[in-house]
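In: quick one: sequence plus predicted model below, questions after.
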Amino acid sequence: MAATTTTPRFSALRRKRPNAPGELSKKFWASAVMWLLVVVYGFPVLWFLLSSVKPAGELFSYPLTFFPEDVTFKGYTEAWTSFDVGTYFVNTMIVAVSATLLTIAVSAACGYALAKYNNWWVKAFTICILATTMLPGEVLLSPLFVVVRDLGLYNNLAAVVVPAVITATGTFMFRQFFLTVPSDLLEAARIDGSGELSTFIRIMLPLSRPIMLTLAIFSFQWRWNDFLWPLVVLNDPNKFTIQIGVSSIVGAQNVNWSVLLGASVLSMIPLVAIYLLLQRYVMNADINAGLKD
Amino acid sequence: MNASITGRRGLRRWQWLPIAVATAVAVTACGSDSGSGDEDAKVDKITFWLSTSAQLDGYTDLAKAFEAKEGVSVEIVNLPYDGYQDKLRQSAQANSLPDAASVPSLDPIWMNQLQDLSQTAKNPDYKIIESLVAELDGKVLAIPSDVTAAGLFINKSLFDEAKVSYPTDPSSTWTWDEFLAAATQVRTATKAKYDLVYDNSPARIRAFIYGHGGKGFQLGDDLKYTMPDAATVEALSKFKSLNNDQVMPKSVWTSGADPNALFKSGQVVAYFSGVWQVADFAESITNFEWVSAPTPAQPVHATDINTGGKMVAFNNGATAEAAKKWIDFIFQRDNYTKLSEVNGYLPVETGLALNYPFEQKAALDAFALYNKEIELADPISSSGQANGTKLNLAGKAIQDDPTKAEMAKFINGEQDVQKTVENIVNGLNSQVS
């Protein structure tokens, strides 16, 4: 919003010929590139959606067709009955929502501390957090499993949530954001007698809303798509998450594509819904509100 | 003063945060379980793990029958194949292995927790093929749920269109050269794209090697792979020369193209894969007719015979006896007949009269053909499977077969056949030393 209202005014002041032909063609090319990107990204998704309503025999027939000849929802109904979709959905929802809330709370606090407090041990801690991103997940699987088991979390949804709460990505997103928030704000709050915690909650957190929502989308997506870890720590099929169900359609020797496509579309719906709900806030990022410089 | 009042009001806007967090934690905690329960109580439930995309119904039916007979319910958990081995390994660490399972291969980590299934495997009434059973020090650790065999599928519509004939009886099969000549004739007459697509798998290439008279990659007495014979090397060279983007597309063995999808497109004359494709083809090939054709022999009539899941029973204290009973129940003649029919298994018990419930003639014919192929197959056909079991029982395993990667380099012209064979042998041996 801010960008679109200010740009014409600036260019008018600078050049004094707002409707020059060059300007128009620039706009044309800019939006042409955007539309091209929409097609490049949208086409596979559209094909994927259309394929999910094709019968199995049509998926690989030559020549490939874009639109289904017979529309069938057999893939969806088979996917729905091949595992307990409802229960797995609820489990995944519990995991994704609680992990996301906790991740945001912890990352915001941690990122704020890393950005605004200058201590040697805070810097050391920063390096420790960075180090966690340098090990691949497979290496951590076994030691993490032993810790979770000894904490008594095995076969408990909390075992999926707890290890996911601290993420280096989230912490650094907040850290980088809080670095851009002028320390003047912080000092002004201190002079007005605000305590550290209330400064954080009342001033800093509301400012970071776009980051919170961006991280919310990411974190929700990570937990929603998580596969190997939930498979390993959950034992009771009543606690399985949706990706375990979807993956069980992929066999050792062959894949039932039509059912897999149906199940994949089903498992995508909540993610898309979350994004549509939150994207309004993410696009609204107006970071410098209330500051003169 | 003023500040603290607005402060409290400001904080109130965030009062949902701790509540939300607390709710989230509470809700997650609700999911927790009290643990494995008391062990003294009468066993009324056991768990059975397996991984399958389409062969679940047979077990569900048997579980119902088992509950009616023994009063023990069987909870069947279908797990994703990808990650199943990891899961078993971690479960062993957490003392939460299932009571019984159908596993892809035995793992030294939990092998010592298996029960002896000799009573089932050696029951003369069941007639279980003895060479397929995994036995260690007189203890039978695993019985395969079914037999699988590699084999050839052809696009019947294309053959008919080109008016080229093909053998239907495995006892009078064709040679590889005859088959390839016929396929080329069909391809040129029908303007199809390729003669053949061949599964990118170390097990499937064994069938090609054996058929050409090679012994392939075999274990020596010291449990190390030995350098293969000249016929094997020659067969691999021939296989490379077929990957010329005419007879076979290079992309399958070098860049992971999906041969199943290529064959289903109707643009390929033949597909070398295995019996597990039959159910899929019956369901999802609708734009042409397909049939199973005899495996070519040049001159050795061989294929690759392997096993499906390996049935095991774990020793979990109170449930151990019920788990063993469940495995025995599965292999009782009548029950196993039903299981094989519903799941479309090639039976591991000999002499069964099976009526597979397929409507399609091609699918029924395919099963009849595979059963015949297995009877006629040269004994070397099951040696790949036997080597794997031998290593397993010695506490070793090939985690990552180098055949695919080395063959890709060979087909791409990055190395010669001698280097390829050496690399495969060394790659295999580095994992078993």
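Out: All right, it came through fine.
In: am I right that residue B:98 sits in a strand?
Out: No - if the criterion is DSSP: H, G, I helix; E, B strand; the rest coil, then residue B:98 is coil and not within a strand.
In: what's the neighbour count on it?
Out: Neighbour count for residue B:98, taken as other CB atoms under 10 Å in any protein chain shown: 25. Every residue, glycine included, has its C-beta placed from N, CA and C.
In: for chain B, what's the longest strand?
Out: Using DSSP state E, we find that the single longest strand of chain B is strand B:147-155.
In: on contacts alone, who are the packing partners of that one?
Out: Helices and strands touching strand B:147-155, by 3 or more CB pairs under 8 Å, 6 or more residues apart in numbering or on different chains; DSSP states H and E, are helix B:176-190, helix B:202-211, strand B:268-274, strand B:290-293, strand B:305-307, helix B:361-376.
In: list the buried residues of the helix or strand following it.
Out: Sequence order places helix B:156-162 as the next helix or strand after strand B:147-155, per DSSP states H and E. With burial defined by 16 or more other CB atoms under 10 Å in any protein chain shown, the residues of helix B:156-162 counted as buried are B:158-159, B:162.
In: the strands in the stretch 51-200 of chain A, which residues?
Out: When assigned using DSSP state E, counting those that start in this stretch, the stretch 51-200 of chain A turns out to have no strands.
In: which positions in it make contact with chain B?
Out: Contacts of the stretch 51-200 of chain A with chain B, taken as CB under 8 Å from any CB of the partner chain, map to A:55-62, A:83, A:91, A:94-95, A:97-98, A:101-102, A:105, A:141-142, A:145-146, A:149, A:154-158, A:161, A:192-194, A:198.
In: are any of these buried, and if so which?
Out: Neighbour-count burial (16+ other CB under 10 Å) applied to these gives A:55-61, A:83, A:91, A:94-95, A:97-98, A:101-102, A:105, A:141, A:145, A:149, A:154-158, A:161, A:194, A:198.
In: distance of the residue most central in space within chain B from residue A:183?
Out: The centroid of chain B falls nearest to residue B:308 when counting by CA atoms, centre = their mean (5.2 Å). Residue B:308 sits 66 Å away from residue A:183, going by CB to CB, to the nearest Å.
In: burial count for the closest residue to chain A within the stretch 251-400 of chain B?
Out: Taking CB to the nearest CB, chain A has its nearest neighbour within the stretch 251-400 of chain B at residue B:286, 3.0 Å off. Neighbour count of residue B:286, defined by other CB under 10 Å: 13.
In: give me the element it is part of.
Out: Residue B:286 belongs to no helix or strand, assigned by DSSP H and E.
In: can you give the domain ranges for the chain?
Out: You didn't say which chain, so I picked chain A. A:21-76, A:77-283 (automatic domain parsing).
In: my question was about chain B, not that one.
Out: Chain B resolves into domains spanning B:45-146+B:308-355, B:148-305+B:378-432 when parsed by automatic domain parsing.
In: want to throw the domains of chain A into JSON lines with distance to residue B:265 and mean pLDDT?
Out: Formatted as JSON lines, those follow (distance: least, CB to CB, whole Å; pLDDT from 0 to 100):
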{"stretch": "domain A:21-76", "distance to residue B:265": "4", "mean pLDDT": "89"}
{"stretch": "domain A:77-283", "distance to residue B:265": "13", "mean pLDDT": "89"}
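In: ranking those by burial, who's on top?
Out: Between those, domain A:77-283 has the highest mean count of neighbours, a mean of 18, where neighbours are mean count of other CB atoms under 10 Å in any protein chain shown.
In: coming back round to it: do I have it right that the residue of the stretch 251-400 of chain B closest to chain A meets residue A:58?
Out: Yes - with contacts counted by CB atoms under 8 Å, residue B:286 reaches residue A:58, the gap being 7.5 Å.
In: name the SS class of residue B:197, please.
Out: Three-state call for residue B:197 (three-state DSSP): strand.
In: chain neighbours aside, what residue packs nearest to it?
Out: Nearest residue to residue B:197, sequence neighbours excluded (CB to CB, 6 or more residues apart in numbering or on different chains): residue B:259, at 3.8 Å.
In: burial of the one you found, as a residue count?
Out: Residues contacting residue B:259 under the criterion other CB under 10 Å number 25.
In: how near is it to residue A:252?
Out: Counting by CB to CB - residue B:259 and residue A:252 are separated by 16 Å.
In: try residue B:131
Out: 22 Å.
In: kindly report the same for residue B:180.
Out: 29 Å.
In: and what of residue A:97?
Out: Applying CB to CB to residue A:97 and residue A:252 gives a distance of 34 Å.
In: likewise for residue B:197?
Out: According to CB to CB, residue B:197 and residue A:252 sit 19 Å apart.
In: so who does residue 258 touch?
Out: In the absence of a named chain, this looks at chain A. Residue A:258 sits next to A:52, A:54-56, A:59, A:74-75, A:78, B:284 when contact means CB atoms under 8 Å, 6 or more residues apart in numbering or on different chains.
In: nope, chain B please
Out: Shown in contact with residue B:258 (CB under 8 Å, 6+ apart): residue B:252.
In: residue B:271 against residue B:196, yeah?
Out: Yes - counting by CB under 8 Å, residue B:271 does reach residue B:196; the two are 7.2 Å apart.
In: in what helix or strand does the residue nearest the centre of chain A lie?
Out: Centre of chain A computed as the mean C-alpha position; nearest residue by CA atoms, centre = their mean is residue A:218, 1.6 Å away. Assigned by DSSP H and E, residue A:218 falls within helix A:209-225.
In: now do that helix: distance to the chain's middle.
Out: 4 Å (CA atoms, centre = their mean, to the nearest Å).
In: can you pull the contacts of the residue of the stretch 51-200 of chain B found nearest chain A?
Out: Closest approach between the stretch 51-200 of chain B and chain A, counting by CB to the nearest CB: residue B:53, at 3.0 Å. Shown in contact with residue B:53 (CB under 8 Å, 6+ apart): A:248-252, A:254-256, B:81.
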